[in-house]
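Enquirer: Mind looking at a prediction? Sequence and model below.
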There are 2 protein chains.
Amino acid sequence: MATFNVIKASGEREPFYESKLRNSLRKAGADQQITDKIIHSIQRILFEGITTEKIYREAFKQLRQYSNSSAGRYKLKEALLELGPSGYPFEKFIGELLNRLGYQTDTGVIVNGNCVSHEIDVIAEKDDEHFMIECKFHNRKGHKCNVKIPLYIQSRFKDVERNWRSQSGHEDKQHQAWVVTNTRFTTDAQQYGKCVGLKLLSWDYPENNGLKDLISHVHLHPITSLTTLSNQKKKLLLEQNVVFCKQICEDKQVLKSVGLDNHTMNKVFEEAMDICNVKNNSVNR
Amino acid sequence: MATFNVIKASGEREPFYESKLRNSLRKAGADQQITDKIIHSIQRILFEGITTEKIYREAFKQLRQYSNSSAGRYKLKEALLELGPSGYPFEKFIGELLNRLGYQTDTGVIVNGNCVSHEIDVIAEKDDEHFMIECKFHNRKGHKCNVKIPLYIQSRFKDVERNWRSQSGHEDKQHQAWVVTNTRFTTDAQQYGKCVGLKLLSWDYPENNGLKDLISHVHLHPITSLTTLSNQKKKLLLEQNVVFCKQICEDKQVLKSVGLDNHTMNKVFEEAMDICNVKNNSVNR
């Protein structure tokens, strides 16, 4: 097969790897036969310099014809972007994600540092672990967190930690600062984070343990993943703090409050159940 | 006299103080009589909620009719804004300012830190003083540097300092990081800077030793202060690294290179000489 270069959202160019596309379709839950069909049809539209965005849109369109829930999982990256435009739902999302991983969390807290006070997006505690987490939400793909973000979070952390350390009961705590983004970090941001002991978490960093992996492990897909629900209804649900498909699975009635008829409610509920409970639930793109 | 509130560029409201306006006109070099005349005429246009911008424009228009050089000094704040749109001329401006204060300077340098490398706007050295300076240029008034700027500069400084400390000859150096802006800092930015030992320098901070005071002390007014030169010619001069009125005073011929006729050249040269050498040379607004 001829080789083509694709252009990523960041503007970078790299060869098209069929295996990557195959992998992401399989992980979204598409079976061998459907995956083969989609790959075959994508091959026919490839050209030098095609954007990964265009390939993704085409694959999503086709996958959706076979399985709504697979398509819902496949669109996780877009679903995170669609949590915007404000960063607030993303913060809530990250707080709840950590909750389901066993942490006690608190969002949007004002904390005194040694020098000044700071607004911390998420505070997470479990046993002797005590984390302060900064969420960096970006509305568009390809927008990376540069080194300035971990640099300022490190100073903020040092300022807060100095205050925490002076409090009783904090002697044995393991304090750590995290920076979480729905997109990616620049290479020097990663290098700086590693060097000073900041935990950085992005769409696919650290490898095999990125945001996409965590979300899949705890079946915590955002409601923006749903293909059976209009954007307008999603917005209404977000405003009512319904952020996860899982919340719909746990209480179907939340759908009633945004004025869905019974038929649509059932369809959305089924898709949410499918997305949350699929066997092969990891997502990759 | 009735009292009026004025609205500052930041959107804040405060009472109009005649003394402030009087002070800034006097410091720009206007004599008692001219100052009285301008104040009298400004009083007639005052109304509740008038912007300081409008007052300034009116005062500048009138001052200009009496003295080009006073007007040139009076407009220092605007002149700094007009160094934009890019931040590069401002960096060069700050580097040269420190030069004239006796420092050896270097601008736009890549410096290795302990974790990553950093681009430092200005490095300044004198005796055992060794400063790294970050310049924050803003295109519009009222845009303040928030606490994130000193926070990230502090981490950058710690990273670079750790590397500097490990080099021979650096044992006795006094390292310090500066953040310089043409506008202002928020209160918590100032508080954080003070607390960790970062030097912050803004339009009027520290009090009586802000950027406007330093510029006046060394007669280093930017060429954008000139009222006898068109914006287009100013741009051309900036592109040729002519940033200061002083450079015109030192070599009139730099004006020839942007295609000025003899008559205009003489007018601009005279104004530059006036601005650089006035007796009462401090500027305040």
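Expert: Noted; the coordinates are in hand. Predicted model, so just to flag it, every value in this text is computed and none were measured.
Enquirer: what helix or strand is whatever residue of the stretch 1-150 of chain A ends up closest to chain B on?
Expert: Residue nearest to chain B within the stretch 1-150 of chain A: A:Cys115 (3.4 Å; CB to the nearest CB). For glycine as for every other residue, the C-beta is placed from the backbone atoms N, C-alpha and C. Under the criterion DSSP states H and E, no helix or strand holds A:Cys115.
Enquirer: A:Gly95 touches A:Thr107, doesn't it?
Expert: Yes. Using CB atoms under 8 Å, A:Gly95 is in contact with A:Thr107, at 4.5 Å.
Enquirer: Quick check: residues of the stretch 151-285 of chain A near chain B?
Expert: Of all the residues in the stretch 151-285 of chain A, those in contact range of chain B (CB under 8 Å from any CB of the partner chain) are A:Leu151, A:Tyr152, A:Gln154, A:Ser155, A:Arg156, A:Asp159, A:Asp188, A:Gln191, A:Tyr192, A:Cys195, A:Val196.
Enquirer: so the first one makes contact with B:Pro150?
Expert: Going back to what we said before, that points to A:Leu151. No. Between A:Leu151 and B:Pro150 there is no contact under CB under 8 Å: 11.1 Å.
Enquirer: Now that we're looking at A:Thr181, what pLDDT does it have?
Expert: For A:Thr181, the pLDDT comes out at 96.
Enquirer: Among the residues of the stretch 151-285 of chain A next to chain B, which ones are in helices?
Expert: Under the assignment DSSP state H, these contribute A:Leu151, A:Tyr152, A:Gln154, A:Ser155, A:Arg156, A:Asp159, A:Asp188, A:Gln191, A:Tyr192, A:Cys195, A:Val196 to helices.
Enquirer: ok, back up a step: what subset of the residues of the stretch 151-285 of chain A next to chain B is buried?
Expert: A:Leu151, A:Tyr152, A:Gln154, A:Ser155, A:Arg156, A:Asp159, A:Asp188, A:Tyr192, A:Cys195, A:Val196 (16 or more other CB atoms under 10 Å in any protein chain shown).
Enquirer: gap between the fifth one and A:Arg100?
Expert: Computed as CB to CB, to the nearest Å, the A:Arg156 to A:Arg100 distance reads 26 Å.
Enquirer: Likewise for the third one?
Expert: Using CB to CB, one gets 27 Å for the distance from A:Gln154 to A:Arg100.
Enquirer: do A:Pro89 as well
Expert: 16 Å.
Enquirer: Those two: which has the busier surroundings?
Expert: Taking neighbours as other CB atoms under 10 Å in any protein chain shown, A:Pro89 and A:Arg100 compare with A:Pro89 leading, 22 against 16.
Enquirer: part of a strand, is the more buried one?
Expert: No. Using DSSP: H, G, I helix; E, B strand; the rest coil, the secondary structure at A:Pro89 is helix, not a strand.
Enquirer: Return the per-residue confidence for it.
Expert: pLDDT, A:Pro89: 86.
Enquirer: how about the nearest residue to it, chain neighbours excluded?
Expert: Of all residues not flanking A:Pro89 in the chain, A:Leu83 sits nearest, at 4.4 Å (CB to CB, 6 or more residues apart in numbering or on different chains).
Enquirer: and the one you found, how many residues sit next to it?
Expert: For A:Leu83, using other CB under 10 Å, the count is 23.
Enquirer: Tell me if I'm right that it and A:Ile94 touch.
Expert: No. Taking CB under 8 Å as the definition, A:Leu83 is not a contact partner of A:Ile94, at 10.4 Å.
Enquirer: List the contacts of the residue of chain A most remote from its centre.
Expert: Distance from the C-alpha centroid of chain A peaks at A:Ser168, with 35.8 Å (CA atoms, centre = their mean). For A:Ser168, no residue meets the contact criterion (CB atoms under 8 Å, 6 or more residues apart in numbering or on different chains).
Enquirer: contacting residues around stretch A:86-98?
Expert: A:80, A:83-84, A:105-108, A:121-122, A:124, A:133, A:135-137, A:180, A:182, A:214-215, A:218, A:220, A:222, A:238, A:241, A:243-244.
Enquirer: buried subset of the residues you listed?
Expert: A:80, A:83-84, A:105, A:107, A:121-122, A:124, A:133, A:135-137, A:180, A:182, A:214-215, A:218, A:220, A:222, A:238, A:243-244.
Enquirer: Identify those among those residues that sit within helices.
Expert: Among these, the members found in helices (DSSP H) are A:Leu80, A:Leu214, A:Ile215, A:Leu238.
Enquirer: can you tell me which residues contact the residue nearest to the first one when sequence neighbours are not counted?
Expert: The one in question is A:Leu80. Closest residue to A:Leu80 apart from its sequence neighbours, by CB to CB, 6+ apart: A:Asn182 at 4.3 Å. By CB under 8 Å, 6+ apart, A:Asn182 lies in contact with A:Lys77, A:Leu80, A:Leu81, A:Leu83, A:Phe90, A:Lys136, A:Phe137, A:His138, A:Ser202, A:Trp203, A:Leu211.
Enquirer: I'd like the distance between A:Asn182 and A:Lys141.
Expert: Counting by CB to CB, the gap from A:Asn182 to A:Lys141 is 9 Å.
Enquirer: what touches both of those two?
Expert: A:Lys77, A:Leu81.
Enquirer: what sits against A:Lys233?
Expert: Counting by CB under 8 Å, 6+ apart, A:Lys233 touches A:Val258, A:Gly259, A:Leu260.
Enquirer: Just among those, which is most surrounded?
Expert: Most surrounded of those: other CB under 10 Å gives A:Leu260, at 20 neighbours.
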